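J.: Got a predicted structure plus its sequence, pasted below:
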Amino acid sequence: MLFCLTANHRNTEFDVLDRISRVATSTAADLTNTHSFVRGAVVLATCNRFEAYLEIDEPLTGGAALAREAVLDVLRGPAGDDADALRASAVSLAGDDVVRHLFAVSSGLESMVVGEEEISGQVQRALVAAREVGTTSTELERVFQRAAHATRSVRAKADVAAAGRSLARIALDLADSRVTDWATVRVLLVGTGQYAATTIAALRARGAGDVRVYSSTGRAEQFAAKYGIRPQRDLREAIGDADIVMTCTARYTVTPDDIPDTARRLIIDLGLPRNVDPRVADVPGVELLDLELIGRHASLPELGPGLHEVVGSAAAVFTAERDAAPAIVALRAHIQSALDAELDRVRARGGDARTEASLRHLAGVLSHTPSVRAREAAADGRLREFEAALETVFGVEVDTSSAEDGFEGLAAV
C-alpha cells in the first residue's frame, strides 16, 4: 500500500517547514532502517512542502496510522517539537489518493504559486536521492516515474511552463513596484543551482542587464561564464554593491554581518531552508521579501479545472494498469503456452523462420485487445467480471494476491 504524509504551505507554518527541511536528509533511510513494514521511502522537501511517500506492507492492520507514526517517530529526534507541530497539521493519504496527490504535486497544481515549473524537477530529484541511499521500491519507482508523464500531459494541455508561474517571477512581480528601471538595477544572485538559472531568465525578461553571482562553493566563475553575468568572490562586498539580492542556495545563509552598510536594498529569499537570517530584516535600509510573504501576496488566476481532470485521468490509468496487471499476465502466459506448443510442432515438421514469426505476430494480436479490455474493465470497476470471463472462456485463473507481481510479470511475459 502507498502512503503519504504531506505538510505544505496550506496546512503548516513556514517556520516549521523551514526547520523540518533542514533535518530531513536522513528521513527516508531512517524509515526503512527502523521500521520493517516500510518497503520503501522517498522524501520530498521543497521550498514550501515536506512529504514522505512510503510503500508499506499490506495487509497491515492500521497501516496508514502506523506509517504516519513511523514518519513522526523518525523526525522526533532531529526535529523535536516540530514533529509534534507536524502531527497536528500534516495530512495523511493512502492508496490511490497518494497517486493522484503526487501527480498533482509534480504538475504544479498543489504549489504555493500554482503552475510553477520547478516542482517537477524537485520531485524527480527526490526519487534520485532515494535511489542513492537505497530506499526506493518497485511501486515507488513506478509511481514517481509516471508522475513525470502526468506533468508533461498537464503542460501540453495548459502550457503551464510558458505561463511563467515560478516563484522567481512572482517575487520579481512584487519587486516591480520598488524598481523604476530594471536596466539600471544591480542584482546579485547568491547560489548557482537550477533555481538560479530560472531566476536569470526571469530577470532578463524584465530587462535587467547588471546581474552578478556569488557562490560559496567556488562555482561562480563557471556559472557566470555560462549565463553571461559577472562573478563575485566576496559576499559582503557583493551585497554592498547590489540594489537587489536574490538568494537561491542550500549551502549558505546570509546574516546581518554580511550587510556592509545601511544603503537601501531589497533582499529576496527564495530558499527553504531559509537562505537569509530573519534578523536581516532588522538591518536599517534592508527590506526582506521571503517565501511566506510571496505566498501571502501572490495573486494568480486559478488554472482551469480541466488540468485537474488530466491529473485524475493519468492517475486512473496508472491504477487501472496496476489492478489489471495480474489478469493480463495470466492471459499472456496462457497464449504464450499455446504458442510455445505450436512452435514445437512447427519446428518438428521443418517449419521455417517466417512461419515462426507469423505465429508470434498472431499471438501478439490475440493478446492486445483483451489487454486493453482488462485495463478498461479495471477503470470501470468491472475487473472481477473480466477475470471471471477469462476463467469461463479459457480456464485461466488469475492470481490477484499481488498486483506488484503482476506489474513485474508484464515485463517478463
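T.: Yep, that arrived. Numbers count the residues shown, from 1 in each chain.
J.: Please count neighbours and contacts with C-alpha atoms only from this point.
T.: Fine.
J.: And the host helix or strand of A316, how far out from the chain middle?
T.: Using DSSP states H and E, the element containing A316 is helix 305-348. From the chain centre to the centre of helix 305-348 is a distance of 27 Å (C-alpha atoms, centre = their mean, to the nearest Å).
J.: now do stretch 32-49
T.: Relative to the centre of its chain, stretch 32-49 is centred 13 Å away, using C-alpha atoms, centre = their mean.
J.: Show me where the stretch 201-350 of the chain dips below the pLDDT cut-off.
T.: 250, 272, 296-306 (pLDDT under 70).
J.: these two touch, right, D30 and L72?
T.: No: using C-alpha atoms under 8 Å, D30 is not in contact with L72, being 11.2 Å away.
J.: So between those two, which is more surrounded?
T.: L72 (22 against 18; other C-alpha atoms under 10 Å).
J.: Now do the SS call for C4.
T.: strand (DSSP: H, G, I helix; E, B strand; the rest coil).
J.: Test my guess that it contacts I56.
T.: No: C4 is beyond contact range of I56, at 10.5 Å (criterion: C-alpha under 8 Å).
J.: more crowded one of the two?
T.: Taking neighbours as other C-alpha under 10 Å, C4 and I56 compare with C4 leading, 28 against 23.
J.: how far away is that one from G271?
T.: 24 Å (C-alpha to C-alpha, to the nearest Å).
J.: same deal with S216?
T.: Taking C-alpha to C-alpha as the measure, S216 falls 15 Å from G271.
J.: okay, those two: which has more neighbours?
T.: Neighbour count, other C-alpha under 10 Å: between S216 and G271, G271 has more, with 21 against 15.
J.: which residues touch the residue lying closest to the more buried one once chain neighbours are set aside?
T.: Nearest residue to G271 in three dimensions, chain neighbours excluded: C248, at 5.5 Å (C-alpha to C-alpha, 6 or more residues apart in numbering). C248 makes contact with 189-193, 195-196, 269-271, 275, according to C-alpha atoms under 8 Å, 6 or more residues apart in numbering.
J.: List buried residues within those.
T.: 189-192, 195-196, 269-271, 275 (16 or more other C-alpha atoms under 10 Å).
J.: out of those residues, who's nearest A363?
T.: Taking C-alpha to C-alpha as the measure, A363 lies nearest Y195 of the buried ones among the contacts of C248, at 50.0 Å.
J.: From L343, how far out is the residue of the chain positioned farthest from its centre?
T.: For the chain, the largest distance from the centre (C-alpha atoms, centre = their mean) belongs to R349, which lies 56.0 Å off. R349 is 10 Å from L343, where distance means C-alpha to C-alpha.
J.: give me the element F386 is part of.
T.: For F386, the enclosing helix or strand under DSSP H and E is helix 383-394.
J.: tell me what the helix holding A316 is packed against?
T.: Here helix 305-348 touches helix 96-106, helix 138-158, helix 353-379, helix 383-394, helix 403-412, going by 3 or more C-alpha pairs under 8 Å, 6 or more residues apart in numbering; DSSP states H and E.
J.: quick one: which of the ones you listed is nearest Q336?
T.: Going by C-alpha to C-alpha, the one of these nearest Q336 is helix 353-379, 7.3 Å.
J.: quick one, phi/psi of the nearest residue to D210 once chain neighbours are set aside?
T.: Excluding its sequence neighbours, the residue lying closest to D210 (C-alpha to C-alpha, 6+ apart) is R186, at 5.2 Å. Backbone torsions for R186, taken as degrees, to the nearest 10, come to phi -90, psi 120.
J.: per-residue confidence for R186?
T.: On pLDDT, R186 comes in at 95.
J.: since we're on it, how many residues are nearby?
T.: Neighbour count of R186, defined by other C-alpha under 10 Å: 19.
J.: which residues touch R152?
T.: Counting by C-alpha under 8 Å, 6+ apart, R152 makes contact with S107.
J.: which intervals of the stretch 1-150 of the chain have sub-threshold pLDDT?
T.: By pLDDT under 70, the low-scoring segments of the stretch 1-150 of the chain are 47, 59-61, 113-116.
J.: Okay, strands next: where are they in it?
T.: Secondary structure of the stretch 1-150 of the chain (DSSP state E, counting those that start in this stretch): strands at 2-8, 38-46, 49-56, 91-94.
J.: Just tell me which of these ends up closest to Q124.
T.: Between these, strand 38-46 lies closest to Q124; by C-alpha to C-alpha that is 9.2 Å.
J.: ok, the closest one: who's next to it in the sheet?
T.: The strands beside strand 38-46 in its sheet (DSSP bridges) come out as strand 49-56 (antiparallel).
J.: between the strand it pairs with and helix 96-106, how many degrees?
T.: Angle, strand 49-56 to helix 96-106, by axes from the mean of the first three to the mean of the last three C-alpha atoms, to 10 degrees: 140 degrees.
J.: Go ahead and produce CSV holding the CA coordinates of stretch 273-289.
T.: In CSV, the C-alpha atoms belonging to stretch 273-289 read as follows (Å, rounded to 0.1, in the frame of the first residue of the first chain):
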residue,chain,number,x,y,z
PRO,A,273,15.5,26.2,4.4
ARG,A,274,15.8,29.9,4.6
ASN,A,275,18.8,31.4,2.9
VAL,A,276,18.5,34.7,4.9
ASP,A,277,18.6,35.0,8.6
PRO,A,278,15.3,36.7,9.6
ARG,A,279,17.3,39.2,11.7
VAL,A,280,18.5,40.7,8.4
ALA,A,281,15.0,42.4,8.2
ASP,A,282,16.0,44.5,11.2
VAL,A,283,19.1,45.9,9.5
PRO,A,284,18.5,49.6,8.6
GLY,A,285,17.9,50.1,4.8
VAL,A,286,17.0,46.4,4.2
GLU,A,287,13.6,45.2,3.0
LEU,A,288,13.3,41.4,3.2
LEU,A,289,10.9,39.5,1.0
